[in-house]
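**Student:** Here's a sequence, model it:
(chains A, B and C)
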Amino acid sequence: MIQIDAESIWQDVQAIRARAPLVHNITNYVVMNSTANALLAIGASPVMAHAEEEVGEMVSLASALVINIGTLSASWVRAMHVAMRHASQRGIPVVLDPVGAGATSYRTQTVHELIASTAPQIIRGNASEIAALVSSQTSTKGVDSTLASRSALDAAWALSRSCDSVVSISGDVDYVVWREQQAAIHNGHPMMSRVTGLGCTATALCGAFAAVNPSPFMAAAHAMAVLGIAGEIAAERAEGPGSLQMHLIDALYNLNLQQIAQRLKTGG
Amino acid sequence: MIQIDAESIWQDVQAIRARAPLVHNITNYVVMNSTANALLAIGASPVMAHAEEEVGEMVSLASALVINIGTLSASWVRAMHVAMRHASQRGIPVVLDPVGAGATSYRTQTVHELIASTAPQIIRGNASEIAALVSSQTSTKGVDSTLASRSALDAAWALSRSCDSVVSISGDVDYVVWREQQAAIHNGHPMMSRVTGLGCTATALCGAFAAVNPSPFMAAAHAMAVLGIAGEIAAERAEGPGSLQMHLIDALYNLNLQQIAQRLKTGG
Amino acid sequence: MIQIDAESIWQDVQAIRARAPLVHNITNYVVMNSTANALLAIGASPVMAHAEEEVGEMVSLASALVINIGTLSASWVRAMHVAMRHASQRGIPVVLDPVGAGATSYRTQTVHELIASTAPQIIRGNASEIAALVSSQTSTKGVDSTLASRSALDAAWALSRSCDSVVSISGDVDYVVWREQQAAIHNGHPMMSRVTGLGCTATALCGAFAAVNPSPFMAAAHAMAVLGIAGEIAAERAEGPGSLQMHLIDALYNLNLQQIAQRLKTGG
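**Tutor:** The predicted structure follows:
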């Protein structure tokens, strides 16, 4: 069990704010605005580009690539393959969000093909999605998880070993696993599941942290911790998921070391 | 004139919160985020999926299908046809939003073809859109109505009779008509027309209510009442349409029986 | 140096609120919701439509056309060409936002082709984008500018002369240049650069102002001033970019002559 500490999280946040790494997103229509705002709030510089004509060139400017299949279609999937290949050739980190894997065979199959073509540094999903990538017996319901995150831990390990990717399960507890390392992050708030796309925001933040931290394991764990802590701060001020979303962006923008140190809850 | 009462609305809200029905949306780019958040706030589980490769399979998981042509193009329209056919075969409710019908012949024609292929349980539009589906003489301006909702009441009845769909006109007063039943809902606030996509949100909520109420007429009337009431609550706290949108999501999330009972205004 | 005055800005705002001009947007996925809300807040009526089947007909209803290449792809670019040609034939103003020009050759090339086919009345971009349209030596980073706006002033003049378009550079200072006229607007707030799509919002507002003001130069200058002033008002109330975005929409909706007169800062 790796211990995540506030000081190292804070170093990454400061590095993101100082360098404003360009994070290239090929993501879904639902969350483009909210994940761009989350990336800007933490200090990164987001760009969304999905045309096959330009994704290779755009990746060449970026410090991380985030792939999210939430509203996939054939031409977008082709662009994802091209972008991931270019990212791999350039050695920049790739983060993959298998939104809705298990809900349809098209999603599950697409994720398997993307991973087979270019192993991502980080895969982040909810428990249903991670489980569905390992066992076709998993029952899912759309894009929301029907499982507690702990129940997908074995699947996360199996997936991680099969492609040597860091795998992060987000949920009531967030788990991050890779090469004999495991972290559990107990931050966050239940109301976060009532805001669309906060899982996708977690994935986008993984991209920002992977752009500044050479360890994809630490990058994923730090991103999950930061989103959970910002979500807690936001939930204390929110009167519902509408104001939670707004306060969350403000909290990412204003996040400081003291807040991280006071709130960080990691463990088994 | 059917009376809508607070108790039956509240039963539906409780059912949505308890069952979290999956609502499959093929909708427009402008409102995907805001309608997903509205569905989550009321307690439903939204999914957006539009690829022909998967819409049939996704519909098979859903409890309602919402079709919205706001930013239509050929491949999306093909997927709408496939999804509506699957929904009809499975017997799950279909809700159709004819955004901008009358503004271009492409939109009007597409809506006629969708309805001819699979009659929706509920059609919800503004007065201009509903009128344009019945008479090609209707003048429209983009996606905003140029008519008071009452002036499209005859058109709503004609449309409803032609396809046996519940037809809901939203506007200053919301009307719902079907098979000799008519309801008028006087809730809402003028500032709601200054927030993009609240008509689309009404349509999405019709999907959530139709997922739990076997009567499409009651489902549509309840959805319109709930959005109008939440809009009133939000408008009292808002300083403009930006904060109205946020408070509206919070109000949907916090809605209780007392608020419904105090505010519900139905009648001729 | 043309002086922009509060009274003439206010006349345009009142005209927009009175006439609610239809502004047809072919824009990017990230900002569709936020720019639609900004247009509604200032009093205009936005419509988003991108299918080749309907853009010509939709333009025929509109008072201005806004083209934004932020998430371009081949079919969207074809629709942009069609829409711009129709707008030109009808004599309605066209506003072009060259998002990310210089970041990829696909973007730069597309903008050059659009301008060559139909010269826009107004081109609004950040300093990197405007510079990249004049010199291929410009280095850019995604969609965020790496230059101070002043450094692109020569490029703005060169671009303006080459196609006789008003060119507006937004940034720390906003510049507007055309036919020996130049305006500099010193309103705005640094936190605005941490909200995604406020440049795109500036472009959309240029469309609303061009719909009511026959001078594209004054329309662009007024739009930039109004966004800058609303941004200042919002920043005073905001605790971060999340609440800034909300307050900005409210500020556009509530904007009055006194606020404009007190805050307007123009000059060299």
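
**Student:** Can you pull the residues of chain A lying near chain C?
**Tutor:** A:20, A:22, A:24, A:29, A:32-33, A:36-37, A:40-41, A:45-51, A:53-54, A:57-58, A:61-62, A:75, A:245-254 (CB under 8 Å from any CB of the partner chain). Any C-beta I mention is one placed from the backbone N, CA and C, and that applies to glycine too.

**Student:** same for the helix ranked longest in chain A, what does it pack against?
**Tutor:** When chain A is parsed with DSSP state H, its longest helix is helix A:216-237. Judged by 3 or more CB pairs under 8 Å, 6 or more residues apart in numbering or on different chains; DSSP states H and E, helix A:216-237 is in contact with helix A:6-19, strand A:122-126, strand A:166-170, strand A:174-178, strand A:181-185, helix A:198-212, helix A:241-254, helix A:257-263.

**Student:** buried stuff in the first one?
**Tutor:** The one in question is helix A:6-19. Neighbour-count burial for helix A:6-19, with 16 or more other CB atoms under 10 Å in any protein chain shown as criterion, is recorded at A:A6, A:I9, A:W10, A:D12, A:V13, A:A15, A:I16.

**Student:** shaky segments in the stretch 51-200 of chain A?
**Tutor:** Scanning the stretch 51-200 of chain A for pLDDT under 70 picks out A:138-139.

**Student:** before we move on, back to that, nearest to chain B, of the helices and strands packed on helix A:216-237?
**Tutor:** Closest to chain B of these is helix A:241-254 (CB to the nearest CB; 2.9 Å).

**Student:** so that closest one versus helix A:216-237, what angle?
**Tutor:** 130 degrees (axes from the mean of the first three to the mean of the last three CA atoms, to 10 degrees).

**Student:** picking that back up, show me the subset of the buried residues of helix A:6-19 that also lies near chain B.
**Tutor:** Within the buried residues of helix A:6-19, nothing lies near chain B by CB under 8 Å from any CB.

**Student:** Columns distance to C:D97 and pLDDT on top of those, output as CSV?
**Tutor:** Formatted as CSV, the buried residues of helix A:6-19 follow (distance: CB to CB, whole Å; pLDDT from 0 to 100):
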residue, distance to C:D97, pLDDT
A:A6, 41, 98
A:I9, 37, 98
A:W10, 37, 98
A:D12, 33, 98
A:V13, 31, 98
A:A15, 31, 98
A:I16, 27, 98
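
**Student:** ok, of those residues, which one's closest to chain C?
**Tutor:** Taking CB to the nearest CB as the measure, A:I16 is the one of the buried residues of helix A:6-19 closest to chain C, at 12.6 Å.

**Student:** Closest to the centroid, which residue in chain A?
**Tutor:** A:T203 (1.5 Å; CA atoms, centre = their mean).

**Student:** That residue and A:N68 touch, don't they?
**Tutor:** Yes. Using CB atoms under 8 Å, A:T203 and A:N68 qualify as a contacting pair, with a distance of 6.1 Å.

**Student:** any common contacting residues for those two?
**Tutor:** A:L96, A:D97 (CB atoms under 8 Å, 6 or more residues apart in numbering or on different chains).

**Student:** distance of A:P241 from A:A36?
**Tutor:** Distance, A:P241 to A:A36, using CB to CB, to the nearest Å: 19 Å.

**Student:** That should have said A:V66, apologies.
**Tutor:** In terms of CB to CB, A:V66 sits 11 Å off from A:A36.

**Student:** who has more neighbours, these two?
**Tutor:** A:V66 (32 against 25; other CB atoms under 10 Å in any protein chain shown).

**Student:** Please name the spatially closest residue to that one (chain neighbours excluded).
**Tutor:** With sequence-adjacent residues excluded and distances taken as CB to CB, 6 or more residues apart in numbering or on different chains, A:V66 is closest to A:G207, at 4.1 Å.

**Student:** Could you report the pLDDT at the residue nearest to the centre of chain A?
**Tutor:** At A:T203, the model reports a pLDDT of 98.

**Student:** mind listing what it touches?
**Tutor:** For A:T203, the contact set (CB under 8 Å, 6+ apart) comprises A:T35, A:V66, A:N68, A:V95, A:L96, A:D97, A:R124.

**Student:** Identify the bridge partners of the residue nearest to it when sequence neighbours are not counted.
**Tutor:** Excluding its sequence neighbours, the residue lying closest to A:T203 (CB to CB, 6+ apart) is A:D97, at 3.9 Å. Here A:D97 sits in beta bridges with A:N68, going by DSSP bridges.

**Student:** Count the neighbours of A:A148 for me.
**Tutor:** Using other CB under 10 Å, A:A148 is surrounded by 13 other residues.

**Student:** give me the number of residues near A:S135?
**Tutor:** 12.

**Student:** now swap in A:D164 and tell me
**Tutor:** Neighbours around A:D164, by other CB under 10 Å: 12.
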